[in-house]
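Novice: from the sequence below, what's the structure:
(chains A and B)
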Amino acid sequence: MVGLLAAALLLYPIVFSGAFYRDIGVAFLLAAISASAWNVVGGYAGQVSVGHSMFFGLGAYAPLLLYTLWGWPPLVGLPVGILLSVVLAVVIGLPTFRLSGHYFSMATLAVAELIRIFFGAWPLVGGAIGLQGPAVARGWWDLTFRGDLSYYYIFLAVLGLLLVVTFEVERRRFGFYLRATKASERAARSLGVPVRLTKLKALALSATFTSAAGSLYAVKTGFIDPDSGFGILVSVQMVIVAALGGAGTLFGPLVGAMILIPLQTAANTWFGGGGSGLTFIIYGGIIVLIARFEPGGLHELWRRLAPRLWRRAHAA
Amino acid sequence: MLLEASEVSKAFGNFWAVAGADLNVEEGEIVGLIGPNGAGKSTFFNCLAGDMAPTDGRIVFDGVDLTRASPEAHARAGIGRTFQVPATFEDMSVLDNVTVGAFLRHPHRGDARERARRVVELTGLRGEQSARSLGTPGRKRLEIARVLAMQPRLLLLDEALAGLTPMEVREAITLVRRIHETGVTIVIVEHIMEVIMTLTRRVLVFNQGHVIARGTPEEVVADEAVIEAYLGRGTRSHSRERGNP
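Specialist: Predicted coordinates:
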């Protein structure tokens, strides 16, 4: 099954070689990386951050800022963005992990909004206008490619790495501690689980990959502004993609992105610029459906329905 | 002395839930804590487990002062506890639940899994079953299994047998005995007198935050202060008139 999925992802841009399909493919991968990264802390550890755009934005600004200030290749900005995001994760995590449930979510949302407003007023990072990357590549290290194909495979490699890391985390002590923390912090602590450290490590790991997703986005787009980096929609998309597929599962965010991104792109294409507000309607509708009918997402739905379908198929 | 809790008090505002309680436990003992509802047993218990920091007093475990230590530090020191209302990890299987406990002493997955499997077997559970599908007796058993996997020296059981049928209580008593035989010291809060009479040699009785009696189970059930605490003042004089305790 995993092999089939990997083959499908590898072959997709070759089979669907049109620019439109490749664009959807890249958008899907970016959403899958971001949501999978969010999933580490939001899904596995159950700490629902609604402010993950703070890491995405830092990751996005770092390469373009280094390029703008000193002409450094955007690639150098990737580790810088990660470093800043991890530091921010620790700074944010230490006080906010004293809060739980909705309070933690609210705190992350507030911090992300503060950073967005701050960046919008900070001339060094271009204020409300934002920053631009190299228009023409000076070499491969600028990661400025003409078509989407190179980006597609770079994004796919990062997604692959993230999934391998998540899979390893799931199997190890850290993964068990994350799930125990999500289920009952009190019980987890009584068993010797260092709950706050576990949450902090999860947030740092999550911030690392979210920041990488931001850097990839900025390098591909060649442009970043406060809204596309730190906007609330960036955070909400991560939550919805993960929740739709199944938060706290390895492939949940992938499934969520497979459904949501084509849907979103189709809506934007059909309705043109006037359809941009549709994103909010789609997100709202999905939140209502998940909350009302299947809080475990499609993964949970499949887990419940699969045995029934299997039995019916065999009875027939 | 394995556990020395001296003059432990816990106040919530002006209300003293526990007021100067002492408890000393020798290695290898089973000690019972009883008392009417609201007597302060659970608060005292939570102080012993590190869930609450006492307002006053001192808790020393195996020579180490744990008075203000976190629950994690209590666990690392070798104190394990179960909860009055079972707090199992619902989305995980029985074996995964127990593995969380086993990871404390066995950081590597293979060793932790091996330890967890042995404990699941000892407690008579089915490892692959999901925790969500267990009934009350199963959940209580799972909590015991999970805490055993962390190889505690002192096990604090908070009404681990409440809500079970008489048959299940007898099975649970056998399980607690088996655990005790492996060298684990046990402090048990329990309402069911059969459990206290069968398992313990020493009992403390709580009422209104104070320890009002201590001794063997036979001694405390005959104690006037205990009878008064459980049945009320009128019953005491009535019992005296009839010549009964």
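Novice: give the residue spans of chain B that score low on pLDDT.
Specialist: Across chain B, the ranges flagged by pLDDT under 70 are B:231-245.
Novice: and the helix or strand containing A:Y21, what does it pack against?
Specialist: Using DSSP states H and E, A:Y21 falls within helix A:19-39. Where contact means 3 or more Cβ pairs under 8 Å, 6 or more residues apart in numbering or on different chains; DSSP states H and E, helix A:19-39 is packed against helix A:2-15, helix A:149-171, helix A:195-221, helix A:232-245, helix A:252-271. For the C-beta atoms, the positions are set from N, CA and C on the backbone; glycine is no exception.
Novice: could you find the closest non-adjacent residue to residue 47?
Specialist: Since you didn't name a chain, this refers to chain A. A:V41 (5.1 Å; Cβ to Cβ, 6 or more residues apart in numbering or on different chains).
Novice: chain B is the one I meant
Specialist: B:P54 (4.6 Å).
Novice: and the one residue sitting closest to the centre of chain B, how far from B:P86?
Specialist: The C-alpha lying nearest the average C-alpha coordinate of chain B belongs to B:L157 (Cα atoms, centre = their mean; 2.3 Å). Distance, B:L157 to B:P86, by Cβ to Cβ, to the nearest Å: 12 Å.
Novice: just B:E4 next, same as before
Specialist: 29 Å.
Novice: those two: which is more packed in?
Specialist: Regarding B:E4 and B:P86, a neighbour count based on other Cβ atoms under 10 Å in any protein chain shown identifies B:P86 as having more, with 22 against 16.
Novice: surely the more buried one is in a helix?
Specialist: No - judged by DSSP: H, G, I helix; E, B strand; the rest coil, B:P86 forms no part of a helix; its state is coil.
Novice: how much space between it and chain A?
Specialist: Going from B:P86 to chain A by Cβ to the nearest Cβ, to the nearest Å gives 9 Å.
Novice: got any ranges where the stretch 151-300 of chain A has weak pLDDT?
Specialist: Residue ranges of the stretch 151-300 of chain A with pLDDT under 70: A:272-276.
Novice: what does it have sitting close to chain B?
Specialist: Proximity of the stretch 151-300 of chain A to chain B is confined to A:171-173, A:176-177, A:179-180, A:182-184, A:186-195, A:248 under the rule Cβ under 8 Å from any Cβ of the partner chain.
Novice: can you rerun that using 6 Å?
Specialist: When proximity is defined by Cβ under 6 Å from any Cβ of the partner chain, the stretch 151-300 of chain A lies next to chain B at A:R173, A:F176, A:A180, A:A183, A:S184, A:A187, A:R189, A:S190, A:L191, A:G192, A:P194.
Novice: which of those lies closest to B:A145?
Specialist: A:L191 (11.4 Å; Cβ to Cβ).
Novice: which of the helices and strands packed on helix A:19-39 sits closest to A:V26?
Specialist: helix A:149-171 (5.3 Å).
Novice: mind listing the helices for chain B?
Specialist: B:41-49, B:71-77, B:94-102, B:109-122, B:136-148, B:166-181, B:193-199, B:217-221, B:224-231, B:233-242 (DSSP state H).
Novice: quickly note the distance from A:I14 to A:P262.
Specialist: Distance from A:I14 to A:P262, counting by Cβ to Cβ: 18 Å.
Novice: the more surrounded of these two?
Specialist: Taking other Cβ under 10 Å, A:I14 and A:P262 do not tie; A:P262 has more neighbours (15 against 10).
Novice: nearest spatial neighbour of that one, chain-adjacent residues omitted?
Specialist: For A:P262, ignoring the flanking residues on the chain, the nearest one in space by Cβ to Cβ, 6+ apart is A:I24 at 5.9 Å.
Novice: and A:G120, by the same measure?
Specialist: A:P226 (4.3 Å).
Novice: spell out which parts of chain B neighbour chain A.
Specialist: Contact residues, chain B versus chain A (Cβ under 6 Å from any Cβ): B:71-72, B:75-76, B:81, B:87, B:89-90, B:99-101, B:103-104, B:107, B:150.
Novice: ok so, going back, format the helices of chain B as JSON lines; extra columns: distance to B:K10 and mean neighbour count.
Specialist: Formatted as JSON lines, these follow (distance: least, Cβ to Cβ, whole Å; neighbours: other Cβ atoms under 10 Å in any protein chain shown):
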{"stretch": "helix B:41-49", "distance to B:K10": "5", "mean neighbour count": "25"}
{"stretch": "helix B:71-77", "distance to B:K10": "15", "mean neighbour count": "21"}
{"stretch": "helix B:94-102", "distance to B:K10": "27", "mean neighbour count": "27"}
{"stretch": "helix B:109-122", "distance to B:K10": "32", "mean neighbour count": "18"}
{"stretch": "helix B:136-148", "distance to B:K10": "23", "mean neighbour count": "24"}
{"stretch": "helix B:166-181", "distance to B:K10": "27", "mean neighbour count": "15"}
{"stretch": "helix B:193-199", "distance to B:K10": "23", "mean neighbour count": "17"}
{"stretch": "helix B:217-221", "distance to B:K10": "23", "mean neighbour count": "16"}
{"stretch": "helix B:224-231", "distance to B:K10": "19", "mean neighbour count": "17"}
{"stretch": "helix B:233-242", "distance to B:K10": "26", "mean neighbour count": "11"}
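Novice: I'd like those helices written out as CSV, with distance to B:E27 added.
Specialist: Output for the helices of chain B, formatted as CSV (distance: least, Cβ to Cβ, whole Å):
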stretch, distance to B:E27
helix B:41-49, 16
helix B:71-77, 14
helix B:94-102, 21
helix B:109-122, 21
helix B:136-148, 17
helix B:166-181, 12
helix B:193-199, 17
helix B:217-221, 21
helix B:224-231, 27
helix B:233-242, 37
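Novice: among those helices, which is nearest A:A135?
Specialist: A:A135 sits nearest to helix B:109-122 of all those, at 50.0 Å, using Cβ to Cβ.
Novice: got the angle between that closest one and helix B:166-181?
Specialist: If you take axes from the mean of the first three to the mean of the last three Cα atoms, to 10 degrees, helix B:109-122 sits at 130 degrees to helix B:166-181.
Novice: residue 153 - how many residues pack around it?
Specialist: Reading this off chain A. Residues near A:Y153, counting by other Cβ under 10 Å, number 15.
Novice: try again with chain B
Specialist: When neighbours are counted by other Cβ under 10 Å, B:R153 registers 17.
Novice: surely it touches B:G78?
Specialist: Yes - assessed by Cβ atoms under 6 Å, B:R153 is found in contact with B:G78 at 3.8 Å.
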